[in-house]
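Asker: Kindly return the folded structure for what I paste below:
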Amino acid sequence: MDDASYCATPVPAPADPEADAGPPFAECVLCREPTEYPESARGATLCPVCAWQEAGRSACSG
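Answerer: Numbers count the residues shown, from 1 in each chain. Sure, this is the predicted structure:
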């Protein structure tokens, strides 16, 4: 096979930040970064990093 396009990697389309924004996200109650939860989520919302750190703290608190 001498077709050069066979192994060519496709060029990704430029990302449009407005298209992936989705609904407004709630702020993390610890670091104020956006979370994976919508603003309408109830309770204390944590970003993935703070949720992981909080799980480590509660697991080791015995």
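
Asker: Only C-alpha atoms from now on, for both contacts and neighbour counts.
Answerer: Fine.

Asker: Output the below-cut-off pLDDT ranges for the chain.
Answerer: Applying pLDDT under 70 to the chain picks out residues 1-6, 8-22, 61-62.

Asker: can you give me the strands for it?
Answerer: Applying DSSP state E to the chain gives strands spanning 25-27, 34-38.

Asker: which ones are touching residue 46?
Answerer: Shown here is residue 46, whose contacts under the criterion C-alpha atoms under 8 Å, 6 or more residues apart in numbering are 27, 28, 29, 30, 35.

Asker: Please repeat the previous calculation with a cut-off of 10 Å.
Answerer: Residue 46 makes contact with 26-37, 52, 54, according to C-alpha atoms under 10 Å, 6 or more residues apart in numbering.

Asker: do residue 35 as well
Answerer: Taking C-alpha under 10 Å, 6+ apart as the definition of contact, the neighbours of residue 35 are 24-29, 45-51.

Asker: Alpha carbons of stretch 52-62, as PDB, please.
Answerer: Once side chains and other backbone atoms are set aside, the C-alpha atoms of stretch 52-62 remain, and they are given as PDB (Å, rounded to 0.1, in the frame of the first residue of the first chain):
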ATOM      1  CA  TRP A  52     -10.700  13.100  46.100                       C
ATOM      2  CA  GLN A  53      -8.800  14.900  48.800                       C
ATOM      3  CA  GLU A  54     -11.800  14.900  51.100                       C
ATOM      4  CA  ALA A  55     -12.300  11.100  50.500                       C
ATOM      5  CA  GLY A  56      -8.700  10.500  51.500                       C
ATOM      6  CA  ARG A  57      -9.100  12.600  54.700                       C
ATOM      7  CA  SER A  58     -12.300  10.800  55.800                       C
ATOM      8  CA  ALA A  59     -10.800   7.400  55.000                       C
ATOM      9  CA  CYS A  60      -7.800   8.000  57.200                       C
ATOM     10  CA  SER A  61      -9.700   9.700  60.000                       C
ATOM     11  CA  GLY A  62     -10.500   6.300  61.500                       C
END
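
Asker: buried ones in it?
Answerer: When burial is assessed from 16 or more other C-alpha atoms under 10 Å, stretch 52-62 yields no buried residues.

Asker: what does stretch 24-31 give?
Answerer: Applying a neighbour-count criterion of 16+ other C-alpha under 10 Å, the buried positions in stretch 24-31 are 25, 26, 27, 28.
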